[in-house]
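1. Pasting the sequence and the predicted model now:
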Amino acid sequence: MTTSVSNNVINNYIQRVTEWSQSSQRIPTTEELENIAAELGIDPEEIQAAQKQSHDHYVRSQGYMRLKHWNDAIAELQEAVAFNPSNLDMLVSLASAHMGRWEDHHRKDDEVNIRLRIRQCLVIKPDCEEALNLLAKLSHAIKWRTRIFTAIGVGLGGICVGIGGVFLLGDALPSWWQQPSQLELLEQSFNQELHSLQRQQQALRSQMIALQRHSDQRNQRTISTLQNRINQLQREVSQLERKIIEIEKEKPSKITPRSSNNGSILRGSD
């Protein structure tokens with residue numbers, strides 16, 4: 001890139017192109033890119049030089065993505081895409097980087113950018129398998145997060161009902177009994193969700209084993225998708241197990257812990 005254009009101007013150009021893509025929900029044309037550059041005082045020759053260097057940004061981004069340094073990968077890819085907005089590999093990588101960051105933090109802006117870049121990929125190649133797989137992965141993850149939060153909401157709703165009953169009863173129940181009853185309601189909700197997740201996990205494993213017996217290229221993709229779902233379920237099971245253990249620790253010693261066969265169930269589902 002020529003030295004006559006400051007980094008601030010280039011950064012402004014990248015920001016303008018990114019904001020334009022988000023607002024219009026499409027890939028900018030060459031004429032539209034030239035208009036943005038002209039407004040910022042960037043010559044066409046300087047844009048051409050930047051386009052040649054965009055490949056270097058793309059190469060660096062792949063290293064960051066392997067290390068899961070999503071912020072750095074996104075920064076490199078945004079600069080690469082700004083100067084090559086119709087490059088399918090760059091767009092797919094940018095969507096993947098936003099997916100990685102979304103899985104870590106679940107921010108709405110990353111979800112918006114994933115969907116934007118997927119749409120742009122499908123404009124270039126309507127049957128782009130990488131983009132369609134990312135869309136399926138995002139939809140599946142959002143569905144499971146919604147189910148988990150719904151289950152937790154039901155559990156918290158039960159707690160609120162229990163607390164309301166305690167206030168109505170006043171001093172009718174001893175204080176050492178009131179607290180465990182609330183904890184047990186939450187534990188019961190978590191245990192129900194835990195068993196549900198385990199049943200779903202076992203069903204997916206059975207389906208995957210059946211597909212492996214008739215293995216071909218199409219089934220391999222389905223098996224890979226099922227394995228990803230199983231791994232997601234295992235993470236959710238682990239989270240619920242930790243919450244149940246924390247509840248057990250919070251129970252007063254005057255209440256004898258109820259026996260549970262959760263451990264054997266969990267070991268059996270491995």
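-> Cool, got the structure.

2. Can you report how many residues lie near V81?
-> 26 (other Cβ atoms under 10 Å). Backbone N, C-alpha and C define where each C-beta goes, glycine included.

3. Helix or strand for it, just tell me which one.
-> helix 70-83 (DSSP states H and E).

4. could you point out which element follows that helix?
-> Helix 70-83 is succeeded, C-terminally, by helix 88-105 (DSSP H and E).

5. on contacts alone, who are the packing partners of that following helix?
-> Counting contacts by 3 or more Cβ pairs under 8 Å, 6 or more residues apart in numbering; DSSP states H and E, helix 88-105 is packed against helix 44-66, helix 70-83, helix 108-124, helix 129-169.

6. quick one on the thing from earlier: any buried residues in the helix holding V81, and which?
-> Neighbour-count burial for helix 70-83 flags 70, 72-83 (criterion: 16 or more other Cβ atoms under 10 Å).

7. can you list contacts of it?
-> 10, 13-14, 17-18, 47, 50-51, 53-55, 57-58, 60-62, 64-65, 87, 90-91, 93-94, 97-98, 100-101, 104 (Cβ atoms under 8 Å, 6 or more residues apart in numbering).

8. you'd agree R101 is up against E111?
-> No. Look at R101 against E111 with Cβ atoms under 8 Å: they stay out of range, at 10.1 Å.

9. sorry, back to before: got the angle for the helix holding V81 vs helix 44-66?
-> 150 degrees (axes from the mean of the first three to the mean of the last three Cα atoms, to 10 degrees).

10. hey, C-alpha coordinates of helix 70-83 in PDB?
-> Below are the C-alpha coordinates for helix 70-83, written out as PDB (Å, rounded to 0.1, in the frame of the first residue of the first chain):
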ATOM      1  CA  TRP A  70     -11.100 -14.100  16.800                       C
ATOM      2  CA  ASN A  71     -10.700 -10.400  17.200                       C
ATOM      3  CA  ASP A  72      -7.400 -10.400  15.300                       C
ATOM      4  CA  ALA A  73      -8.800 -12.700  12.600                       C
ATOM      5  CA  ILE A  74     -11.800 -10.500  12.100                       C
ATOM      6  CA  ALA A  75      -9.700  -7.300  11.900                       C
ATOM      7  CA  GLU A  76      -7.500  -8.900   9.200                       C
ATOM      8  CA  LEU A  77     -10.500 -10.300   7.200                       C
ATOM      9  CA  GLN A  78     -12.400  -7.000   7.300                       C
ATOM     10  CA  GLU A  79      -9.500  -5.300   5.600                       C
ATOM     11  CA  ALA A  80      -9.100  -8.100   3.100                       C
ATOM     12  CA  VAL A  81     -12.800  -8.100   2.300                       C
ATOM     13  CA  ALA A  82     -13.000  -4.300   2.100                       C
ATOM     14  CA  PHE A  83     -10.700  -4.400  -1.000                       C
END
